[in-house]
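Visitor: Any chance you can model this:
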Amino acid sequence: EPQIIILKQGLWYIYAYCRLREAFRFFKLGRIEQAKATDEIFARREMPKADFSAWYGAGKSVLARFEIKKSALSDFEEWVGIENIRESSGNYFAEVALPDDGGLISKLLSFGTGIKVLSPPELKEKVISAAKSVAEYYR
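Guide: Residues are numbered from 1 along each chain as shown. Take a look at the predicted model:
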């Protein structure tokens, strides 16, 4: 019984009540092999907020500042929301709280040289370290 659709770290999920497990669960859209429309109607269930916020990383986030190149602007806007982007003298910047989970560094690296972490220094160092590890792997 689908309730909402969620974008997390660039991947789409459906949060739904699973009749098989008799509980709310997250279903990754890319893993759904088949779906079919039915005429069945169901009443929306009250969603447990604690489960949802825990999965999404509530309380564990990092406030980060970025410089964004025009070439990466549309993808970055889609990820963090256009309302978080500021233009100043032809340059683009963002300040946004992001879930500090295992996918954050990979997501940042996926922008290549299209973005630059300005702060916090710890996040910048994690990106530098991960990029060095990738470069070393290819040597």
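
Visitor: Run through the strands of this structure in chain order.
Guide: 2-8, 11-18, 23-28, 61-68, 85-88, 91-99, 115-119 (DSSP state E).

Visitor: Now do residue 118 against residue 96, distance only.
Guide: 12 Å (Cβ to Cβ, to the nearest Å). No exception for glycine: its C-beta is placed from N, CA and C like everyone else's.

Visitor: Give me the common contacts of these two.
Guide: When contacts are counted by Cβ atoms under 8 Å, 6 or more residues apart in numbering, residue 118 and residue 96 are jointly contacted by 64, 66.

Visitor: List the beta-bridge partners for residue 85.
Guide: Beta-bridge pairing for residue 85 (DSSP bridges): residue 94.

Visitor: Provide the backbone phi and psi angles at the residue of the chain positioned farthest from its centre.
Guide: The centre of the chain is farthest from one residue, residue 39, which by Cα atoms, centre = their mean lies 32.8 Å away. Residue 39 has phi and psi values of phi -90, psi 0 when expressed as degrees, to the nearest 10.

Visitor: The strands of the chain: lowest mean pLDDT?
Guide: When the strands of the chain are ranked by mean pLDDT, strand 2-8 comes last with a mean of 81.

Visitor: Can you name every helix or strand that that one contacts?
Guide: strand 11-18 (3 or more Cβ pairs under 8 Å, 6 or more residues apart in numbering; DSSP states H and E).

Visitor: Kindly format the C-alpha coordinates of the strand it packs on as CSV.
Guide: Taking Å, rounded to 0.1, in the frame of the first residue of the first chain, the C-alpha atoms of strand 11-18 are listed here in CSV:
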residue,chain,number,x,y,z
LEU,A,11,17.8,7.2,-5.5
TRP,A,12,14.0,6.9,-5.5
TYR,A,13,12.1,4.8,-2.9
ILE,A,14,8.5,4.1,-2.1
TYR,A,15,7.5,4.0,1.5
ALA,A,16,4.6,1.6,1.8
TYR,A,17,2.7,-0.7,4.1
CYS,A,18,3.8,-4.2,3.3
